[in-house]
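Undergrad: Attaching a predicted model along with its sequence, questions to come.
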Amino acid sequence: MQQLDISPEIDFHSEAYKDAYSRINAIVIEGEQEAFANYNRLAELLPDSKEQLISLAKMESRHKKGFQACGKNLQVTADMDFAQKFFADLHRNFQEAAAEGRVVTCLLIQSLIIECFAISAYNIYIPVADDFARKITEGVVKDEYMHLNFGEEWLKANFEASKAELEEANKQNLPLVWRMLNDVAADAEVLGMEKEALVEDFMISYGEALSNIGFTTRDIMRMSAYGLSA
Ligand code: Y39
Ligand code: FE
Ligand code: FE
Ligand code: FE
C-alpha cells in the first residue's frame, strides 16, 4: 500500500519488471507522441497562443525521446499496439472536439486530464525508477507543470464562457481516466507504483486545477465523482 521512498528490492532486469515496463513505457511514449500532436493541433485552433503551443509541442517530442531512451537502457521493447488501444478513447474524443472547434474540450482533455495523469504518474514513478529513468523523469515532470499551467490560465481567463463545456467534457472524459488507471494498475504495481497513490495524486492535481480555473469546492466534488465507479 505505502509508496516506498527507496526500493532496493526492485530488480530492474527481472523478466517480470521488463514485461510490465514494455507496456508502461509504451503508454508514456504514446502519450508523449499524442501530446505533441495535440499541442500542434491546439496551435492551429488558438492562433493568439500559437508560438507558445508550438513550444509546448516541442517539449513533448523531447519527452518522447527521453522515455524511448529509458526503454532502450533497460533493453525493453515498448508494446506500442497496447499503448494505442490504451489511449484510443481519449484520442478519439480529442479528435472529434478539434474537428468541431470545441477548443475548451481539447484543453480539458490534454492540458488538464492528460497533464494531471502524467504529473501524478511521473511523481509516483520517480522514487522507484532506475537511476537513468529517474533523471529523465525529473526533467520531464517540470515541463508538465508548465503544460498544466497553460490550460489553467487560458480556461481561467475564459471561465464564464467555458464553464458549461468544461462540465460536459469532464463528464465525458473523466470516467475514461478511471478505466485507464484500472487497466494499468497491475503493471504499475510491478514497477513499485501503487494505484491508491496514483489516484490520490491525480485527484489532488485535477482538483487544484479546477479550483485555479474558478470552480467552487462544491463544483469540484460533483465533477470529480464522475465515473469513480468505472
Ligand atoms: O503531457 C504529457 O506529456 C502527457 C502525455 C503524457 C502522458 C503520459 C501518461 C502517463 C501514464 C502512465 C501510467 C503509469 C501508471
Ligand atoms: Fe499493493
Ligand atoms: Fe510530456
Ligand atoms: Fe505535457
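TA: Arrived safely. Just so it is clear, the structure is predicted and the values come from calculations on it, not from any experiment. Ligands and ions are numbered 1, 2, ... in the order given.
Undergrad: tell me the secondary structure for whichever residue of the chain sits closest to ligand 4?
TA: Nearest residue of the chain to ligand 4 (Cβ to the ion) works out as residue 147 at 3.7 Å. Every residue, glycine included, has its C-beta placed from N, CA and C. Recorded secondary structure, residue 147: helix (DSSP: H, G, I helix; E, B strand; the rest coil).
Undergrad: Surely it touches residue 115?
TA: Yes - between residue 147 and residue 115 there is a contact under Cβ atoms under 8 Å: 4.9 Å.
Undergrad: Which residues are in contact with residue 103?
TA: By Cβ atoms under 8 Å, 6 or more residues apart in numbering, the residues touching residue 103 are 42, 45, 46, 97.
Undergrad: Now do the residue of the chain closest to ligand 4, the pLDDT please.
TA: pLDDT for residue 147: 98.
Undergrad: residues contacting it?
TA: 35, 39, 56, 59, 60, 110, 111, 115.
Undergrad: same question, residue 86
TA: By Cβ under 8 Å, 6+ apart, the contact set of residue 86 is 27, 30, 180, 183, 184.
Undergrad: If we ignore the residues flanking it in sequence, what's nearest the fourth one?
TA: Put plainly, it is residue 183. Residue nearest to residue 183 in three dimensions, not counting chain neighbours: residue 86, with 6.4 Å by Cβ to Cβ, 6 or more residues apart in numbering.
Undergrad: Residue 136: how many residues sit nearby?
TA: Counted with other Cβ atoms under 10 Å, the neighbours of residue 136 add up to 21.
Undergrad: Let's verify residue 215: helix, strand, or coil?
TA: coil.
Undergrad: Now do residue 9: how many residues are near it, please.
TA: By other Cβ under 10 Å, 7 other residues sit near residue 9.
Undergrad: quick one: it from residue 190, how far?
TA: 12 Å (Cβ to Cβ, to the nearest Å).
Undergrad: And the pLDDT at the residue of the chain found nearest ligand 3?
TA: Of the residues in the chain, the one nearest ligand 3 is residue 63, at a distance of 3.8 Å by Cβ to the ion. In this prediction, residue 63 carries a pLDDT score of 98.
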